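In: no sequence for this one, just the structure:
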């Protein structure tokens, strides 16, 4: 399987494949490339409906040109903590960003969320996000507002009174709960239509099925979220207590 960057000819084949309605996996098979490579290529260059081979190739060249001065510093470049491989981390962040984009988040919002998820602190200030992502403060502000509306980040003040944007286990739990409640609202609204459209009509039957399905999914998500949160919280406490006290078998 070939490695390295995509060639202009390969990008043209990707564009033709998209025009023919081919799945990413099929395009990847024809180019003998990983499916993830094709997915990232398309999502970072406008998505399946707006992808253009020439624009994508020029954008890649621009990104490579911007990265070249940093890579030429060699030993002077700042190493990542915990001995992490910078190229592997960048590749992983790109994969995570692409995943969020596939699930409907805008590109900048996806980049900010990925940045927060992959930082050890689990929180960053606006200026730190601007510096890490090399974007404008306005772009960060807009992305944070979108993530806040989805319940995926929260704000807090640090000891220097700076506003920090935080992702942690609890915010992910709260977002899951909010999603489950949204599904429950779909069920409630669908069921209202049963009475309005007539209980014995095809439309009402369809809405009732939607309501039942949504009820089941919502209740299952809520129940699972509570159970998992309790298990993880208990496990964390147990691990903490075990490390704090010596075992009686060896004491």
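Out: Ah, there it is. These numbers were taken from a predicted model, which means no experiment stands behind them.

In: number of nearby residues for residue 51?
Out: A count of nearby residues for residue 51, using other CB atoms under 10 Å, gives 20. All C-beta spots, glycine's among them, are computed from the backbone N, C-alpha and C.

In: how about it, phi and psi?
Out: Dihedral angles phi and psi of residue 51 (degrees, to the nearest 10) take the values phi -70, psi 130.

In: residue contacts, it?
Out: With contact taken as CB atoms under 8 Å, 6 or more residues apart in numbering, residue 51 is in contact with 14, 15, 18, 42, 45.

In: Mind listing what's buried along stretch 4-19?
Out: Using 16 or more other CB atoms under 10 Å as the test for burial, stretch 4-19 gives 6, 10, 11, 13, 14, 15, 17, 18.

In: ah, wrong one, I meant stretch 150-164
Out: By 16+ other CB under 10 Å, the buried positions in stretch 150-164 come out as 151, 152, 153, 154, 164.

In: Name the residues that touch that stretch?
Out: Contacts for stretch 150-164 (CB under 8 Å, 6+ apart): 113, 116, 123-126, 144, 147-148, 165-167, 171-172, 174-175, 178.

In: quick one: the strands in the stretch 101-250 of the chain?
Out: 123-125, 154-157, 163-166 (DSSP state E, counting those that start in this stretch).

In: Would you mind identifying the helix or strand in this structure with the lowest mean pLDDT?
Out: helix 53-71 (a mean of 68; mean pLDDT, DSSP states H and E).

In: follow-up on the earlier one: I'd like the strands of the stretch 101-250 of the chain as a markdown table, with distance to residue 201 appended.
Out: A markdown table is the format used below for the strands of the stretch 101-250 of the chain (distance: least, CB to CB, whole Å):
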| stretch | distance to residue 201 |
| --- | --- |
| strand 123-125 | 52 |
| strand 154-157 | 45 |
| strand 163-166 | 48 |
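
In: which stretch among these comes nearest residue 93?
Out: strand 123-125 (13.6 Å; CB to CB).

In: And for that closest one, what's in contact with it?
Out: By CB under 8 Å, 6+ apart, strand 123-125 touches 115, 116, 132, 156, 158, 162, 163, 164, 165, 166, 167.

In: end to end, how far does stretch 154-165 reach?
Out: Using CA to CA, to the nearest Å, one end of stretch 154-165 lies 6 Å from the other.

In: centre of the chain versus it, how much separation?
Out: Relative to its chain's centre, stretch 154-165 lies at 23 Å (CA atoms, centre = their mean, to the nearest Å).

In: Now the closest residue to residue 110 other than its chain neighbours: which helix or strand?
Out: Sequence neighbours aside, residue 100 is the residue nearest to residue 110 in space, at 3.7 Å (criterion: CB to CB, 6 or more residues apart in numbering). Following DSSP states H and E, one finds residue 100 within helix 86-102.

In: Now that helix: average pLDDT?
Out: For helix 86-102, the mean per-residue pLDDT is 84.

In: Pull out the buried positions in that helix.
Out: Buried residues in helix 86-102 (16+ other CB under 10 Å): 94, 96, 97, 98, 99, 100, 101.

In: And the closest residue to the first one other than its chain neighbours, which helix or strand is it part of?
Out: When you say that, I think you mean residue 94. Nearest in space to residue 94, with sequence neighbours left out and distances taken as CB to CB, 6+ apart, is residue 40 at 5.7 Å. Using DSSP H and E, residue 40 sits in helix 35-43.

In: list the helices and strands that helix packs on?
Out: The elements that helix 35-43 packs onto, with contact taken as 3 or more CB pairs under 8 Å, 6 or more residues apart in numbering; DSSP states H and E, are helix 8-19, helix 24-31, helix 86-102.

In: measure the closest residue to residue 107 other than its chain neighbours to residue 176 for me?
Out: Spatial nearest neighbour of residue 107, chain neighbours left out: residue 101 (5.9 Å); criterion: CB to CB, 6+ apart. Separation of residue 101 from residue 176 (CB to CB, to the nearest Å) stands at 20 Å.

In: Many thanks, have a good one.
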